[in-house]
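>>> Fold the stuff below for me.
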Amino acid sequence: MPIDIETFESSGEDRLTAGGETNAERVMHFLATNPDKAFTQSEIRDSTGVKAGSISVVLSRLEDRDLVRHKGNYWALGSSDDIAAYADTLESTRAANDRFGEEDMDEWLEHAVEDEDHE
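Numbering: from 1, shown residues only. Model prediction:
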């Protein structure tokens, strides 16, 4: 699918490289294509290409968001309602990034208002 030249110019190479999914997206995609199975961390790691040092953190964060379930040594896709909300948020974020470009955190922080109550 083609992209507009503004997106081409403003996006980093990692965003424009095929397979530029995040580790969480890779894990979610893998589990979503196997919703009737549960896998060990090593099976998920081997199937997604997520590095050994990252897979535990990725799965834990997904579990904190109720996107995956965990019992013993096994991990499975979370509930359908949570997955639908995740997919909607992901698609909305991608659409906004495609239309307006990705946010630059350093630029955002330059204009952020400091909260005096939390200093």
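
>>> just the helices in the protein please.
5-10, 13-16, 23-32, 41-48, 52-64, 80-100, 105-111 (DSSP state H).

>>> Could I get the buried residue list for the first one?
For helix 5-10, the neighbour count (16 or more other C-beta atoms under 10 Å) marks Thr7 as buried. C-betas here are computed from N, CA, C, even on glycine.

>>> What of the fifth one?
The neighbour-count check on helix 52-64 (16+ other C-beta under 10 Å) flags 55, 58-59, 62 as buried.

>>> quick check, nearest of these to Asn73?
Set against Asn73, the nearest of the buried residues of helix 52-64 by C-beta to C-beta is Leu59 (11.4 Å).

>>> looking at the protein, which helix or strand does the model trust least?
helix 13-16 (a mean of 59; mean pLDDT, DSSP states H and E).

>>> Where does pLDDT dip in this protein?
1-2, 11-20, 80, 82-91, 105, 114-119 (pLDDT under 70).

>>> Go again with 80.
1-4, 6-21, 79-98, 101-119 (pLDDT under 80).

>>> No further queries at this time; thank you.
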